[in-house]
Structures are given as C-alpha cells and as structure tokens.
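[1] I would like the atomic coordinates for the input below:
(chains A, B, C and D)
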Number of protein chains: 2
Amino acid sequence: MDSPVKQVEEELTLLMCRAQRVRLHNEGAELRLLERSAYNVLGRVHDEGVVRLSELAATFMLDVSTVSRQVAALQAAGLIRRAPDPSDGRAALLTVTPTGRDVLERTRAQRRQILHDVLAGWPAQDVELFAGLLAKFNADLREHAADTISMLALR
Amino acid sequence: MDSPVKQVEEELTLLMCRAQRVRLHNEGAELRLLERSAYNVLGRVHDEGVVRLSELAATFMLDVSTVSRQVAALQAAGLIRRAPDPSDGRAALLTVTPTGRDVLERTRAQRRQILHDVLAGWPAQDVELFAGLLAKFNADLREHAADTISMLALR
DNA sequence: TCGGATAGTTGGCAACTGCAACTATCCTCG
DNA sequence: CGAGGATAGTTGCAGTTGCCAACTATCCGA
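    Reported below is the predicted structural model:
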C-alpha cells in the first residue's frame, strides 16, 4: 500500500472523528442558529432549489428514514416547505422558506468566518487547491458509494 | 467572504455529513473488524505507542468522558491495555495489545484498499497534495481548537 | 385491473456525545 | 507538613443521529 494513500486515510480518519462532535444545549443565545444535521439538510435544499427527500439521502449517503426525520424537524421549525410533486403523488418537493434562507445565511456566514480564520495562514493558492481536491474526492466517493460506505463506516 | 473558503466549507460539510454514518450489525463476518469509533482510538494509541486518555481526547477534540468509554470498551475486548503511570497515580498509560495490533492492521489494510480504489483515477501527485493539505488542515484545526469546535458542531 | 416497484413515515434499538457531579491523586503555598 | 486548588478519569443522565424493518400510499407495466 503506497504511502500517500496511507496518509490520506489517516488524516481523513482524524478529521472525521473530530466531526463527530454533537452540539447540544444550543438554546440560550437569542441568535440560535442551526444544529449540525439541520444545517446540512437545509443547506443542501437551499443549494438545489427544489429537491426530493430521497435525493437528499443519496447525496448524504444516509438512510431515507434518517433524512425524513430531519426534514420533518426543519418543516416543523418553519425553515423548509414541502409541496406535493405534481408529477408523482408519492413524492414531496422540498424548498427553503424565507425564514429558512435567512437562518441559513447567518449560519453559513458564521462558519465561513471561522474557517477563514483557520485558513488565515494559507496561501490563497493552497486554499483553492484544497477546495478542488475535496470536491473531486467527494465526487469520487459518491461514485464508489457501495465501497465507500464500508470505508466510512468501517463495516 | 471569498469563494475558495466557501467551497472548502461546502465540501467539508458534505464530507462530514457522510462520515456520520454509523455501522451497526457488524457481527456475522468471521473476520469482524472494528467499528468506526474503536478504530479511531485504537489506531491512535497504536501510532503513539503509549498515550494517556486525556491526550487522546485532545487529539480527537472530544470530551474525556467520551473517550473514557471507548477505551473501556477496547480494553474489555482485549485490544488495549492500561498500565498505571509510574509518574502519576491518577493517569493510566494506554498501549495496544498484540491482538489489538493484529485487528488494527487488518482493518487498516481494508480501509486503505478501498481508499486506494476511490483514488484510483487520481494522478499520484494529486494524492500527495491532498494528503499534505489534509494534514495541514488538521494541524491548523487543532490550533484553533476553540473556534473549530463551534464550527464543526455548529453551535 | 392486478401485482411488483418506489417514495416516505414510523417504531424499535444501538452508538456517540457532552455536561455535571464525584473520586483519587498531585502539587503548590503558607 | 498540612490544606486547598488543580488535574486525570469515571459514571449518571439525557439528547442526537443512524440503521433496519414493517407499513402506507402511489405509480406503472403487463
């Protein structure tokens, strides 16, 4: 096994472990933003414009049932709207409400600011490179979905 | 907010969400390997040689209580050994047992193989670049630990 | 029109996490 | 040297996330 792959594996492992953190108790601040999971879903719905639930699940490589609950919560909070799909009575089309859009924008700005600070010492070129490689990696992950799942999850 | 940072944020978000997958039911295969969390901890202990629990927690940016339980499980499974720290009666020094080492090696080989497949189409140079940037990112994350936590977890 | 596929939902269960409270040990300072 | 604060870990408690399986409703091809 060649060494760069080994290093990628190690670094990804570390990064993913860190990402496991779950934020609780986020009430209190008047500007209460979004929880991790909600942010992911809301952000995706926003970027797609209109999506189906099953499409979201595929993107995130999550079970539809998982996404179903997250969407339900977002809808209850008034951040997402579901409209019946005129072409398929089983499906629902998800869109972001104005409120949802507003909350998302604030959350994103905050995250980007933090990331901006973390990357402050990086040459602009490296940031671009990193962005490109991450994008490529995500794309390839999705193509190898079946294998990938075993890797991420570790069977 | 400049665009490359934005893209990094988006790609990381996607990647992290995918990493949320938790694998259950991993019994069945005779070569039952490690679960995600256990793999992370075991791998780190192995690489460090000897570590304290609190050190692990800092590396993963997790609460010590969380790591405490993971270590306890690994110990119960006979993959990790704890020895009292001769220089500090409160602390314990963690090391990997021969069995643990064996299981870890198998798991790692499998993961690397999968990653190898995902990265099959990449020029060797890009893989190296990616590895380097990930490492740099992880290092910077740890320096900005306080901010980082809010970002990963989303407050 | 009937039966198999598809979109989502819900119930049940396990894994992770964090915080707070608690024990045991360490260490500094009077 | 003894007291009190800091530090290493553990445990109780509760919340989030995730998967699978079973179920409903709809769609679509024969």
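[2] Which strand runs longest in chain A?
    strand A:88-96 (DSSP state E).
[3] Strand partners (parallel or antiparallel) of that one?
    strand A:51-52 (antiparallel), strand A:80-85 (antiparallel) (DSSP bridges).
[4] what about that strand and DNA strand D, touching?
    Yes - Strand A:88-96 lies within reach of DNA strand D by C-beta under 7 Å from any atom of the strand, at A:88-90. Where you see a C-beta, it was placed from the backbone N, CA and C, and this is true even at glycine.
[5] now those residues in JSON lines, with distance to B:Arg106?
    JSON lines is the format used below for the residues of strand A:88-96 next to DNA strand D (distance: C-beta to C-beta, whole Å):
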{"residue": "A:Asp88", "distance to B:Arg106": "45"}
{"residue": "A:Gly89", "distance to B:Arg106": "49"}
{"residue": "A:Arg90", "distance to B:Arg106": "43"}
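[6] Also near DNA strand C: which of these, exactly?
    Checking the residues of strand A:88-96 next to DNA strand D against DNA strand C (C-beta under 7 Å from any atom of the strand), the matches are A:88, A:90.
[7] Going by distance to DNA strand D, which of the residues of strand A:88-96 next to DNA strand D wins?
    Proximity of these to DNA strand D (C-beta to the nearest atom of the strand) peaks at A:Gly89, which lies at 2.6 Å.
[8] What is the burial count for the closest one?
    8 (other C-beta atoms under 10 Å in any protein chain shown).
[9] For A:Ala131, give me its contacts.
    B:4-5, B:7-8, B:11 (C-beta atoms under 8 Å, 6 or more residues apart in numbering or on different chains).
[10] what comes up buried for stretch A:114-125?
    A:114-116, A:118-119, A:122 (16 or more other C-beta atoms under 10 Å in any protein chain shown).
[11] Backbone dihedrals for A:Ala58, please?
    Dihedral angles of A:Ala58 (phi, psi; degrees, to the nearest 10) stand at phi -60, psi -40.
[12] now swap in A:Gly78 and tell me
    Dihedral angles (degrees, to the nearest 10) for A:Gly78: phi 80, psi 20.
[13] So which bits of the helix or strand hosting A:Tyr39 are buried?
    Secondary-structure assignment from DSSP states H and E places A:Tyr39 in helix A:36-48. Using 16+ other C-beta under 10 Å as the burial criterion, the residues of helix A:36-48 that qualify are A:36-46.
[14] looking at chain A, which helix or strand is least sure?
    helix A:145-153 (a mean of 51; mean pLDDT, DSSP states H and E).
[15] low pLDDT regions in chain A?
    A:1-2, A:17, A:20-36, A:145-155 (pLDDT under 70).
[16] Any idea which residue is closest to the centre of it?
    Most central in chain A under C-alpha atoms, centre = their mean is A:Asn40, positioned 3.3 Å from the mean C-alpha point.
[17] Please tell me I have it right and that residue contacts A:Phe60.
    Yes - proximity of A:Asn40 to A:Phe60 meets the contact threshold set by C-beta atoms under 8 Å, at 6.7 Å.
[18] neighbouring contacts of stretch A:77-90?
    By C-beta under 8 Å, 6+ apart, stretch A:77-90 touches A:38, A:41-42, A:45, A:52, A:71, A:74-75, A:91-97, A:99-100, A:103-104.
[19] swap the cut-off to 7 Å and go again
    A:42, A:45, A:71, A:74-75, A:91-97, A:99-100, A:103 (C-beta atoms under 7 Å, 6 or more residues apart in numbering or on different chains).
[20] Good, wrapping up.
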